[in-house]
Structures are given as C-alpha cells and as structure tokens.
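Trainee: kindly return the folded structure for what I paste below:
(chains A and B)
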Amino acid sequence: MSFIKRYLLPRLLQYFLVIFVGITVVFIVPRLTPVDPVQEMINTITQRGAYMDPEAIEQLRQSMKEMYGLEGTVFSQYISLWRRLIIGDFGPSLSQFPTPVVKLIGISLPWTLGLMLVTTLLSWIIGNILGGIAGYFSSSRWSAAIERFMMVLRPIPYYIFALILLLVFGYVIPIFPIAGGTSIGLKIQFSWKVIADLLRHAILPALSMILLGMAGWFQTMRLVMSNIVREDYVMYARAGGLRDTKIAFNYVIKNAMLPQVTGLALSLGQIFGGAMVTEMVFSYPGIGGLLYTAINAGDYNLIMGITMFSILGIATGALLVDLLYPLFDPRIRYR
Amino acid sequence: MAVLRELLRDGKFTFAFTVMSILIILAILSFFSPYDMSIWNVVPRDMPPSAEYILGTNSKGQDVFWEMTVAIKNSLIMAVIAAFFSRLIAIAVGLLAGFKGGMTDRTLMSINDSFIVLPVLPILILLGAILKERLNMIVLGLILAIFGWAWDARLIRSQTLSLREREFTNTAMLSGQKVYELIFKEYLPFVIPIVSATAINNMFWAVGMEVTMAILGLSNLTIPTLGTMMHWAISYQAMLLGYWWWIATPVVVSVLLFVSLYLLSVSVSQYLDPRTRIQRIGTAKVVK
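Mentor: So this is what the prediction gives:
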C-alpha cells in the first residue's frame, strides 16, 4: 500500500501534469503574439497556389477556429481543445483531405515506434556498457581512445551528422538506399525478403541515431562511474581480492546504471525530437516523415495533431520507464 | 582575470576561446557590411571565392562573407537571449524551490519535470508554423527560453538545498537579515558558477534548434542566420550545382560554433568541479 501511495501515485500525477503543461503551453504561447493564426495559415496555403476545394477551406477554417479558438471565450476555447484531445479528434488532414489526422498518425506510428525503440535501447545499452568500462578502467589507453572518439562525436549537430551519413553511404558509396522505409511497391508480409528489405532501409537512420545517442549516454555514464569507483565498498572489494571484471560489472556498473534509467525517462522527449529529424532526413515513413510533409503542405491540422500526439506519447513513455524503475532498484521495491 | 588565466591552462579552453573570439569579431564586422542583406542581386550571382568576394557570392546575388557575418551575429544574439531569459527563470525557480522547500518545492519541481519531458521539437515546429514571418530572433530567443530552463533549475535547486543547511544561513537569519537579502547576497554567488556553465550549454542547444527549424523552413527566412543560410543553399541545390562555398560556409561556421561552445562548457564545468580541478593542478605540478 505504501508503495502505491509513495511511488505510483506521484508518478501518475506527474504523468497528467506533463500532458497538462504541454497542452497549456501549446495553447498559450501563440496567443501571446498578435497573430491571427487562422488567417495566417489560410494565407500560407493560398500563397502556395495549391488547389484546395472550397469545402476543404471551409472545413479548415472551422476546425482551426475550434482547435485554435477564436470562438467563444478563452476559457471555453481551452475546454474545447481538451475535449477534442480526449475523444482523439484532430479533424481532417488538409493535404490529404478528408482522411482524418488520427488515421494518418496511426499509419506512421509503427515505423517510428520500431525505429525509436530499437535505436534508443541499443544506444542506451552500448553507451552505458562502453561508458562503464571506460569509467572503471579509466587509466587504460583504450578507454582514453574511446573517450576522445565520443568527445568528437557528441557536439556534431544531429541534422548535419545524418546528412553526412546519407551523402557518404547513399551517394558516394551507394550501399544503402537513400530514402523510404521499404523498396517501392513492396508488399508488407512475413518473409525473409521483406524483413531484409526493411532492415536495409532502416540501417542508415538507425545508425545515425545510435551513434550520436550512444555518445551522450557514454559521457554521463563515464561521469557517474568516476564517482562510484571512489566509493569505499569498491576499495573493499579490491582489497578482498575480487577480480576486476567482477567488481566492474557486478558492483560498479550495476549501481551506476540507476541514474541512467531515470535519465532515460527524462530524455525521451529529446530522443523523440531526434527521431523526427532522422525521419525527415532519410524520408522514413514514420511520424517525423509525416510531420515533414505536413510542414511542406502547410497542413496545420496534421501538425497540431502530431504535436498533441507526441506530448501524449512521450508522457506515456516516461511513465512506463518510471514504473519499470522498481524492477532495477531494490531500494524502491522493498520500501 | 585570474580565472581566465587558470582556464587558459586547459588546451580545450584555449582552442574554444580562440574560435569563439574569432566568431565574435566576425559578428561585430557585420555592422560594417557594405551590403544590405535584405536586398537581393546586389552582386553578380554564383561567383566562386576571389579577391573581391572572399567567400564567393550566392544564387540570391549576395556576398557570402558578409551574409555569414550577419548570420553569426543574429544566431549569437538569439542564443544569448535564449540563454539569458532561461537563466532568469531557472534561477528564480531553483532558488525558490530550494529555499522554501515543502509544498512549493514539490509543485515547482513537478512543473519543472514536465518541462524536461516535453518533446520540444514538435512544439517548436507547431509554433514555427503558426508564427513564421513574425518570428524574429528576439521572439525565437524568448520562445526557446520558455523551454530551456528546466534542467538547470533542478541543478540550482539542489545547490540551494545544500546551502540552506549551512551554518551561515542560520547566522544570517538569526541576526535579522531579510530573506531576499540572504538569497541575493549570500546564495546567488554560489549559484552563479552553475548558471554560467549551463548558459553555455543552453546557447549550444538554442543554436541547434534554430538551425533545425530554419532548415525545415519554419522561421523567418528573410533574416540571415546560420540556419536560414543553410536553408537557402539547400533549396537552391547549391550542393548539386557545385556552389560549395555557399553551403560549406554556414556548415563549417556552425560546426566551429558548436565545437567551441561544447568545449567551453566541458572545460568550464571541469574547472568548477573541485575534484577534477585538484587532479589537473596535481598533474600540472608533476609536469613542472
């Protein structure tokens, strides 16, 4: 009971607070500037000269007014935004009228989830293990070399790194496809050919995320390790004659992992942002790719829907990581 | 000055400091630009670098070198605004939460954690799509400030928590010092080092966000920044047409800016961490 009260309840509260703060910020910030967003968006669309039938424009004006709110008081606008969010109605997409935004997000979601889960986990695990080893054996030449490598990797802006990878492996040495999630015209079914094709298309986007993500985890892990190595119990274990590898993996790395799990929950938002840029660069058919087409088409409903959706998704992801935390940390489990 | 001298003993810092100084000088040079960057076709188009046009000209008929100086100036101004205002929020929240404790602390930290978790990029993209042409460097800086304070407020809070337990807090309280005086006169000096180290990180982040948004075409494209320079070069196919000087300039400058900001933040936080400081001074003595 005390576990639920002391651990579960605050987490759930936090979960709703994240969503609340996110939606509220999205609601308030545009209002602080003297712009009529509805007119602005309609101008943008008509300036592009793309053909849109009048019905679509009217629908757009309507749903935008409702979501964005120039109808009713500020408070009732705010309430109606929440109502839409809860019933999951973001209106129709404007560039692919009249497909609902929710359906488009549903199609792209598996791609993003797959890419993000695999890359996040891999970069987290590899970064932590390498960081752990480099932190424990900090005097060896190897760890100094890895550290220098990560130090060069870390500050590279994500977009530029992805672009370089794309240029090198897509154009200069064309071993990987430059765009898309599958070969054109491939039917998704369960066979080796399809899986191989999916993997081949996923390698470059995944590689860019894993390498840069790994560098970040490596550095924080290395820092945590350098503090833990000085703890008394490590010295005691050494004096007791335990093997170095055993101390490193069983006692030091295990403990240093704990803050990293919290870090994982907290950094999900940034990882998600990274995944979006990746998909834009590699034209991967996930949420990021969808967002990119939405930006180019001036599809406001879709942009709004994706933003709301990502706030929900990230909050849920962070909650899940937090709820799994007791599995790693016995101190919380037995409290 | 003594601090600077100490810092300059670190090779990383010296390098970063030099690069940063050069970039700032370039930014100041922009005030002497012979061209107005809002006007197109003032010089012949697509000229490679030469004595007259140091870094060539672009397809918009602008001199790349002078465009670059203005871009550096704008990007730096934006980053400084973002860093400054997010520091203000971070200091206020961190000090208040750490000093008051209890319910205030819990409430503020929950809001704080929410801001940490929020996916900033999609939100910025939404705001960029709405504001677009109205988005100047100041507005963008302020918007980034709203999203950039949370991590650092946490650091400041934990610092304040430990300060509160120190003896001098009780001495000050018992001798009748006012609370705001205690906070501003006694606590702030302890917090300033964290603030300066995280400010550099925040500038790093802000410049990166600006570049990402501009490449996507989601900021005011008439203002030259590192991001919008890349945006125009990419949308005019500078890479395919072989106008390497146009695309390479903003890429190289931003890589330099990123690396120097990153190294600055690493060396400053190493300097501030007493443990590594002792190590460094220790090894320095051995070298002597």
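
Trainee: kindly report the residues of the stretch 151-288 of chain B close to chain A.
Mentor: Within the stretch 151-288 of chain B, the positions adjacent to chain A are B:204, B:208, B:211-212, B:215-218, B:251, B:254-255, B:258-259, B:261-263, B:266 by CB under 8 Å from any CB of the partner chain. For glycine as for every other residue, the C-beta is placed from the backbone atoms N, C-alpha and C.

Trainee: out of these, which sit inside helices?
Mentor: In helices, judged by DSSP state H, the following of these are found: B:204, B:208, B:211-212, B:215, B:251, B:254-255, B:258-259, B:261-263, B:266.

Trainee: if you rank those by neighbours, which is first?
Mentor: B:Val211 (28 neighbours; other CB atoms under 10 Å in any protein chain shown).

Trainee: out of the ones in helices among the residues of the stretch 151-288 of chain B next to chain A, which two are the most distant from each other?
Mentor: B:Ile215 and B:Val266 (26.3 Å; CB to CB).

Trainee: and for residue 268, the neighbour number?
Mentor: I'll assume chain A. A:Leu268 has 25 nearby residues by other CB under 10 Å.

Trainee: wait, chain B was what I had in mind.
Mentor: B:Val268 - counted by other CB under 10 Å - has 23 other residues nearby.

Trainee: for chain B, what are the nearby residues on the stretch 101-250 of chain A?
Mentor: Near chain B, when you scan the stretch 101-250 of chain A using CB under 8 Å from any CB, you find A:Met151, A:Arg154, A:Pro155, A:Ile156, A:Pro157, A:Tyr158, A:Tyr159, A:Ile160.

Trainee: OK, now which residue of the stretch 201-335 of chain A is nearest to chain B?
Mentor: A:Gly273 (3.3 Å; CB to the nearest CB).

Trainee: ignoring the adjacent residues along the chain, who's closest to that residue?
Mentor: B:Leu121 (3.3 Å; CB to CB, 6 or more residues apart in numbering or on different chains).

Trainee: the one you found sits in which helix or strand?
Mentor: helix B:120-131 (DSSP states H and E).

Trainee: what are the buried residues along that helix?
Mentor: B:Val120, B:Leu121, B:Pro122, B:Ile123, B:Leu124, B:Ile125, B:Leu126, B:Leu127, B:Gly128, B:Ala129, B:Ile130, B:Leu131 (16 or more other CB atoms under 10 Å in any protein chain shown).

Trainee: could you pull out the helices for the stretch 201-335 of chain A?
Mentor: Per DSSP state H, counting those that start in this stretch, the stretch 201-335 of chain A has helices spanning A:232-239, A:244-246, A:254-281, A:287-297, A:300-328, A:330-333. These are given in chain order.

Trainee: export the ones you listed to CSV and tack on mean pLDDT?
Mentor: Converted to CSV, the helices of the stretch 201-335 of chain A look like this (pLDDT from 0 to 100):
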stretch, mean pLDDT
helix A:232-239, 87
helix A:244-246, 85
helix A:254-281, 82
helix A:287-297, 85
helix A:300-328, 84
helix A:330-333, 67
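
Trainee: nearest to A:Val118, of these?
Mentor: For A:Val118, the closest of the helices of the stretch 201-335 of chain A is helix A:254-281, at 10.8 Å, according to CB to CB.

Trainee: how far does that closest one sit from its chain's centre?
Mentor: When C-alpha coordinates are averaged (CA atoms, centre = their mean, to the nearest Å), helix A:254-281 and its chain have centres 7 Å apart.

Trainee: tell me the angle of that helix relative to helix A:287-297?
Mentor: 30 degrees (axes from the mean of the first three to the mean of the last three CA atoms, to 10 degrees).

Trainee: now do the strands in the chain.
Mentor: Picking chain A for this. Counting by DSSP state E, chain A forms no strands at all.

Trainee: residue contacts, whichever residue of the stretch 151-288 of chain B sits closest to chain A?
Mentor: Per CB to the nearest CB, B:Tyr262 is where the stretch 151-288 of chain B lies closest to chain A, at 3.7 Å. Counting by CB atoms under 8 Å, 6 or more residues apart in numbering or on different chains, B:Tyr262 makes contact with A:Arg154, A:Pro155, B:Ala16, B:Phe204.

Trainee: for B:Arg106, same thing?
Mentor: Shown in contact with B:Arg106 (CB under 8 Å, 6+ apart): no residues.

Trainee: that one: which element?
Mentor: Going by DSSP H and E, B:Arg106 is part of helix B:102-117.

Trainee: quick one: that helix to helix A:254-281, angle?
Mentor: 50 degrees.

Trainee: report the mean confidence score over helix B:102-117.
Mentor: Helix B:102-117 shows a mean pLDDT of 87.

Trainee: also stretch B:201-215?
Mentor: On average, stretch B:201-215 scores 89.

Trainee: may I have it as CSV, with CA atoms only?
Mentor: Taking Å, rounded to 0.1, in the frame of the first residue of the first chain, the C-alpha atoms of stretch B:201-215 are listed here in CSV:
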residue,chain,number,x,y,z
ASN,B,201,25.0,24.5,-22.8
ASN,B,202,21.8,26.4,-23.4
MET,B,203,23.3,28.5,-26.2
PHE,B,204,24.5,25.3,-27.8
TRP,B,205,21.0,23.9,-27.7
ALA,B,206,19.4,27.1,-28.9
VAL,B,207,21.6,27.4,-31.9
GLY,B,208,20.9,23.8,-32.8
MET,B,209,17.2,24.3,-32.5
GLU,B,210,17.3,27.4,-34.7
VAL,B,211,19.3,25.5,-37.4
THR,B,212,16.9,22.6,-37.3
MET,B,213,13.8,24.9,-37.6
ALA,B,214,15.3,27.1,-40.3
ILE,B,215,16.3,24.1,-42.4
